[in-house]
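Colleague: everything below, folded, please.
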Amino acid sequence: MTTITDQPIDPVPAIGVQQLLALPHPELLALWKTLPAPDLSELDGEYAGYIPILHLSPDEVRATIAQLYEETSSRGSWVGKAFKGSDGTTSEGYNVFRRLGSDGVSQTYLRRGRFATDIAESYVDGRPSLMMRYGAFDNQVGQNDLIDEVRRYSTGLYVATATTLTETGTGRTRPNGCFLLAGPINRWIGVDDPQAELQ
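Modeller: Coordinates of the predicted model:
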């Protein structure tokens with residue numbers, strides 16, 4: 001497979017991640033539009049997440065750090081996402097965060113930020129995507145109906161983008177970038193509090 005500029009991206013996740021992270025956001029999104037949706041059974045376990053920052057401005061990098069990578073915050077630093085593999089038509093997942101202990105050395109992993117999954121028509125281009133629907137649970141990002149859309153670059157390496165409801169609630173935003181998932185790096189563990197975030 002090649003990118004829009006015909007630069008080969010290796011299907012081996014350890015190599016492909018580094019190459020995909022180097023692409024400008026418009027090119028990565030254009031690549032995403034060419035990819036197929038994975039099956040719900042394919043993603044099973046915890047996956048490392050990556051945000052491309054090479055082509056962001058310094059202010060955009062600082063904003064990304066503040067939003068996702070503050071290890072001393074109550075939420076912690078984003079590590080990735082987990083998926084419960086399923087042969088059915090729906091399943092679920094959660095986000096993994098790492099929080100620095102008060103001693104400045106120890107680390108705690110937090111599993112929260114739940115979402116429902118299914119395969120459906122993309123809000124971006126109308127083609128099939130694995131949809132991650134945060135609105136199925138009672139969490140902050142679900143309030144604006146955040147939906148991540150995942151597509152397979154190769155087995156173990158996935159490209160995703162996202163949309164939310166517009167401010168008027170009458171349409172959806174356009175994606176302004178992508179993120180990557182690689183793995184699994186761990187088995188499915190489940191959220192810390194199964195009763196949290198239920199509607």
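Colleague: show me the strands in the protein, by range?
Modeller: Applying DSSP state E to the chain gives strands spanning 45-50, 77-83, 90-100, 107-121, 128-133, 147-154, 157-163, 179-186.
Colleague: redo those as CSV? Include mean pLDDT, mean neighbour count and distance to residue 35.
Modeller: For the C-beta atoms, the positions are set from N, CA and C on the backbone; glycine is no exception. Putting the strands of the chain into CSV (pLDDT from 0 to 100; neighbours: other C-beta atoms under 10 Å; distance: least, C-beta to C-beta, whole Å) gives the following:
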stretch, mean pLDDT, mean neighbour count, distance to residue 35
strand 45-50, 98, 20, 16
strand 77-83, 98, 23, 17
strand 90-100, 97, 20, 19
strand 107-121, 97, 17, 13
strand 128-133, 98, 22, 9
strand 147-154, 97, 22, 4
strand 157-163, 97, 22, 6
strand 179-186, 97, 20, 12
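Colleague: stretch 58-74: which residues count as buried?
Modeller: 64, 68, 69, 70 (16 or more other C-beta atoms under 10 Å).
Colleague: dump the residue contacts of the third one.
Modeller: Residues counted as contacts of residue 69 (C-beta atoms under 8 Å, 6 or more residues apart in numbering) are 77, 78.
Colleague: longest helix of the chain, counting residues only.
Modeller: What stands out as the longest helix in the chain, according to DSSP state H, is helix 58-68.
Colleague: can I get it in PDB, CA atoms only?
Modeller: C-alpha atoms of helix 58-68 as PDB (Å, rounded to 0.1, in the frame of the first residue of the first chain):
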ATOM      1  CA  PRO A  58       4.200  24.800  19.000                       C
ATOM      2  CA  ASP A  59       0.900  26.100  20.300                       C
ATOM      3  CA  GLU A  60      -1.000  23.100  18.900                       C
ATOM      4  CA  VAL A  61       1.600  20.700  20.500                       C
ATOM      5  CA  ARG A  62       1.200  22.500  23.900                       C
ATOM      6  CA  ALA A  63      -2.600  22.200  23.600                       C
ATOM      7  CA  THR A  64      -2.300  18.500  22.700                       C
ATOM      8  CA  ILE A  65      -0.200  17.900  25.800                       C
ATOM      9  CA  ALA A  66      -2.600  19.800  28.000                       C
ATOM     10  CA  GLN A  67      -5.600  17.900  26.700                       C
ATOM     11  CA  LEU A  68      -4.100  14.400  26.600                       C
END
